[in-house]
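Q: Sharing a sequence plus its predicted fold:
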Amino acid sequence: MISFIIPCYNEEKTIANCIISILEEIHRTKVVSEIIVVDNNCTDRTSEISSSLGAKVVQETRKGVVWARQKGYKEAKYDLIANIDADSFISPGWITTALNNINSPDVVAITGSLNYYDSNWFVRKATKLYYLGAYVSNKFIGSTIQGGNCMIKKQYLDLCNGYDISIAFYGEDTMTAKKLSQYGKIVLVLDLVIDSSARRLKNQGVINTTWLYIINYFSIIFRNKPYTTEYVDYR
């Protein structure tokens, strides 16, 4: 049974497609699931749209994706937590692939990659290389999680007291993986793909964004704290 958690800050343009893609997968697989949308101070129609599609909407007034994920985790009633970003949508087969890879008793979480559907061919190719590097790093350097494409066994999040709310943005997913890896394996499944918007890459720049993710990954692994503390919301 799966609790899908979707943090949201003014996502009225994308939230419907995200929720519908999850509903279609739930209908296809018949897996008992819930969808929790965390309204993180939205000023648009995100909550209204989400409720109309059958999602459970909860409020989190403390701003930030980690606070929103923590709220969703606390509200979740099922044993598997799936984190999905509001500007993404899952493809047919996502639930099946995720469950097939998380069922092993020594696995505490699985994660996958992103396909930036609204980017050019060069960015999509470079992204695949990035995740190949992440696959190697996950095996030999330190565990990582793609925050908007992962499934975690709730019992192990309980042991970690959920997410590290001291980290605003960059590095929060690596810290989650680092804590979870005390209890078992984090598996990066390259064919567990979610289609996601490239809006951060477009606004912040591909090189700059990649650098920020990489430097904060290594900083969490070796220094136990992020390298940067500031981030910008892009819509």
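A: Arrived safely, thanks for sending.

Q: which ones are touching residue 70?
A: 60, 162, 163, 165 (Cβ atoms under 8 Å, 6 or more residues apart in numbering). All C-beta atoms are positioned from the backbone trio N, CA, C, and that covers glycine.

Q: Indicate each strand paired with the longest strand that the chain contains and its parallel or antiparallel sense.
A: If you go by DSSP state E, the chain has its longest strand at strand 185-196. Using DSSP bridges, strand 185-196 pairs in its sheet with strand 88-90 (antiparallel), strand 107-116 (parallel).

Q: The following helix or strand past that strand - what's its average pLDDT?
A: Later in the chain than strand 185-196, the nearest helix or strand by DSSP states H and E is helix 199-204. Confidence for helix 199-204, expressed as mean pLDDT, is 92.

Q: Now helix 199-204 - C-alpha only, PDB.
A: The C-alpha coordinates for helix 199-204 follow below in PDB (Å, rounded to 0.1, in the frame of the first residue of the first chain):
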ATOM      1  CA  ARG A 199      12.000  24.800 -15.400                       C
ATOM      2  CA  ARG A 200      14.800  24.900 -12.700                       C
ATOM      3  CA  LEU A 201      17.400  24.100 -15.400                       C
ATOM      4  CA  LYS A 202      16.000  26.700 -17.700                       C
ATOM      5  CA  ASN A 203      15.900  29.500 -15.100                       C
ATOM      6  CA  GLN A 204      19.000  28.700 -13.100                       C
END
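
Q: Check which residues of it are buried.
A: Counting neighbours by 16 or more other Cβ atoms under 10 Å, one finds that the buried residues in helix 199-204 are 200, 201.

Q: Just the pLDDT for the residue most central in space within the chain.
A: Nearest to the geometric centre of the chain sits residue 148, at 1.8 Å (Cα atoms, centre = their mean). Note for residue 148: predicted pLDDT of 95.

Q: just the buried members of the contacts of residue 70?
A: 60, 162, 163.

Q: which SS state does the second one fall under?
A: At residue 162, secondary structure determined by DSSP: H, G, I helix; E, B strand; the rest coil is coil.

Q: which residues touch it?
A: Per Cβ under 8 Å, 6+ apart, neighbours of residue 162: 69, 70, 73, 74.

Q: if we can go back for a sec, turn the strands paired with strand 185-196 into CSV, including mean neighbour count and distance to residue 56.
A: Formatted as CSV, the strands paired with strand 185-196 follow (neighbours: other Cβ atoms under 10 Å; distance: least, Cβ to Cβ, whole Å):
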stretch, mean neighbour count, distance to residue 56
strand 88-90, 23, 18
strand 107-116, 23, 23
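
Q: and residue 61, how many neighbours?
A: The number of residues packed around residue 61, counting by other Cβ atoms under 10 Å, is 9.

Q: Residue 71 versus that one, what's the distance?
A: Going from residue 61 to residue 71 by Cβ to Cβ, to the nearest Å gives 10 Å.

Q: Over to residue 204?
A: On the measure of Cβ to Cβ, residue 204 and residue 71 end up 26 Å apart.

Q: next one: residue 6
A: For residue 6, the distance to residue 71 equals 11 Å [Cβ to Cβ].

Q: Please apply the same query to residue 45.
A: For residue 45, the distance to residue 71 equals 20 Å [Cβ to Cβ].
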